[in-house]
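> structure for the following, please:
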Amino acid sequence: MIAVSKTKPVSDILAAYDQGQRDFGENYVQEFIEKQPQLPTDIRWHFIGHLQTNKVKYIAPFVHLIHGVDSDRLLKEINKQGEKLNRRIACLLQVHISNEETKFGLDEFELMNIVHEHLLSTSPALLPWVEVQGLMGMASFSNDETLIQSEFHQLKKLFDHISALPYLQTPFTKLSMGMSGDYPLAISCGSNMIRVGSLIFGERNHK
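This next block holds a predicted model:
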């Protein structure tokens, strides 16, 4: 479980940390790099927001997992920063599964292009400083459980397909889907990583 701590003060994160939580997720780079030095070094930091290529360098030294890789260009930039740091950076490919155009993510064609161009050990364009460990997706903001379930099933199907590919450079082990409002449904559909904020920290002031 990732405790989504965006917009929450360091004191709230420490309170969750003192209860045993170690995985925390942030959405905004500036806020992320301000909080990180103030908190214990054994926290596993997850970047779960939309990441611009020019901001990768700021989080590359310490981020545990980047959830929202939604373009070939971003993947290459993460590889570039990893090489500079001599650090292999773990990430997930974000897939657009909702019916909302405002959400980011790769479509199925773009996803499979990246897989075949970069993630198979037979690929000439292999990115050695990136470790793609799975997929991430966000379902529609809706009360229609049938719709949400179908979107989660769609992502799980893609995850299973890629996981079974021969010559996959890094095993796909992480399926990040489900948030405060829909995580039980996500888990029932196969999620093994959920991103929970308001149920832990209470409602937040949106930026």
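
> all contacts plus neighbour counts: C-alpha atoms, from now on.
Noted.

> how about Glu83, secondary structure?
helix (DSSP: H, G, I helix; E, B strand; the rest coil).

> how far does the biggest helix by length in the chain sit from its chain's centre?
When the chain is parsed with DSSP state H, its longest helix is helix 145-163. Offset of helix 145-163 from its chain centre (Cα atoms, centre = their mean, to the nearest Å): 16 Å.

> list of residues touching that helix?
95, 97-98, 115, 134-135, 137, 139-140, 142, 171-173, 175, 177, 185-186, 189-191 (Cα atoms under 8 Å, 6 or more residues apart in numbering).

> in helices, which of the residues you listed fall?
Going by DSSP H, the helices hold Leu185, Ala186 from these.

> filter the contacts of helix 145-163 to the buried ones?
With burial judged by 16 or more other Cα atoms under 10 Å, the buried subset of those is 95, 97-98, 115, 134-135, 137, 139-140, 171-172, 175, 177, 185-186, 189-191.

> so which of those are in strands?
Val95, Gly134, Leu135, Gly137, Leu175, Met177 (DSSP state E).

> now, which of those sits nearest Asn54?
Val95 (21.3 Å; Cα to Cα).

> any idea how many residues pack against Pro166?
10 (other Cα atoms under 10 Å).

> once you drop chain neighbours, what's closest to it?
Spatial nearest neighbour of Pro166, chain neighbours left out: Leu120 (7.8 Å); criterion: Cα to Cα, 6 or more residues apart in numbering.

> with Ser140 instead?
Ser98 (4.7 Å).

> any idea how far Ile33 is from that neighbour?
To Ile33, Ser98 is 30 Å away according to Cα to Cα, to the nearest Å.

> mind listing what Ile2 touches?
Applying Cα under 8 Å, 6+ apart, the residues near Ile2 are Asp23, Phe24, Gly25, His46, Met193, Ile194, Arg195, Val196.
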